[in-house]
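Undergrad: Whatever this is, show me its structure:
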Amino acid sequence: MRVVAVSKSEKKGEKKQNQESCMLIAGHGMEGDVHADGTHRQLSLLAVESIATMRDLGCDVHPGDFAENITTEGICLHTLPVGTRFLIGENILLELTQIGKECHSGCAIAKQVGRCVMPKEGIFCRILKGGEVRPNDPIRVLPKEEV
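TA: Numbering: from 1, shown residues only. Modelled structure (predicted):
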């Protein structure tokens, strides 16, 4: 289980750009990202496996295209319960706060193929302990006894 991509954007409504690394700020969000506002949706995650589902439908999509901050591999994110905690690397601690979201009406991907995975399979997290995150960092789901 690993981080595939780390992405951010400065404006709403645009694809996020992949980065070599990003700082996650506890209680706030990803430094320099438009959605960093300290709400319960400080950080968005989507599995690369969900992106592959859209590619199989004929979409030319890549990590960051669904406006997710972190693209993961090896975790079926949307099946985990709210309250699940994740450890990225040795120090970054996240808590799942929301599964899915309401898709805005202008979603180009939904218009192209009739549906989009982010509203059902994307998740949102609160950053409990921040730090620098990079592609290929390990990510793991913490068992309840480690929380």
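Undergrad: Lowest mean pLDDT among the helices and strands of the protein, which one is it?
TA: helix 108-113 (a mean of 55; mean pLDDT, DSSP states H and E).
Undergrad: if I pick V141, what's in contact with it?
TA: The neighbours of V141, taking CB atoms under 8 Å, 6 or more residues apart in numbering as the test, are M1, I75, L80, T84, R85, F86. All C-beta atoms are positioned from the backbone trio N, CA, C, and that covers glycine.
Undergrad: 10 Å - rerun?
TA: With contacts defined as CB atoms under 10 Å, 6 or more residues apart in numbering, V141 is in contact with M1, I75, C76, L77, L80, T84, R85, F86, L87, L96.
Undergrad: Next, the fourth one: phi, psi?
TA: Read it as L77. As for L77, its main-chain torsions (degrees, to the nearest 10) stand at phi -60, psi -50.
Undergrad: rewinding a little: switch the contacts of V141 over to JSON lines; also include distance to V34 and neighbour count.
TA: Below are the contacts of V141 laid out as JSON lines (distance: CB to CB, whole Å; neighbours: other CB atoms under 10 Å):
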{"residue": "M1", "distance to V34": "27", "neighbour count": "13"}
{"residue": "I75", "distance to V34": "25", "neighbour count": "20"}
{"residue": "C76", "distance to V34": "27", "neighbour count": "12"}
{"residue": "L77", "distance to V34": "22", "neighbour count": "22"}
{"residue": "L80", "distance to V34": "26", "neighbour count": "15"}
{"residue": "T84", "distance to V34": "25", "neighbour count": "21"}
{"residue": "R85", "distance to V34": "25", "neighbour count": "19"}
{"residue": "F86", "distance to V34": "22", "neighbour count": "24"}
{"residue": "L87", "distance to V34": "26", "neighbour count": "17"}
{"residue": "L96", "distance to V34": "21", "neighbour count": "21"}
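Undergrad: mind listing which of those residues are in strands?
TA: Among these, the members falling in strands (DSSP state E) are R85, F86, L87, L96.
Undergrad: so which of these comes closest to E31?
TA: Closest approach between the ones in strands among the contacts of V141 and E31, by CB to CB: F86, at 18.7 Å.
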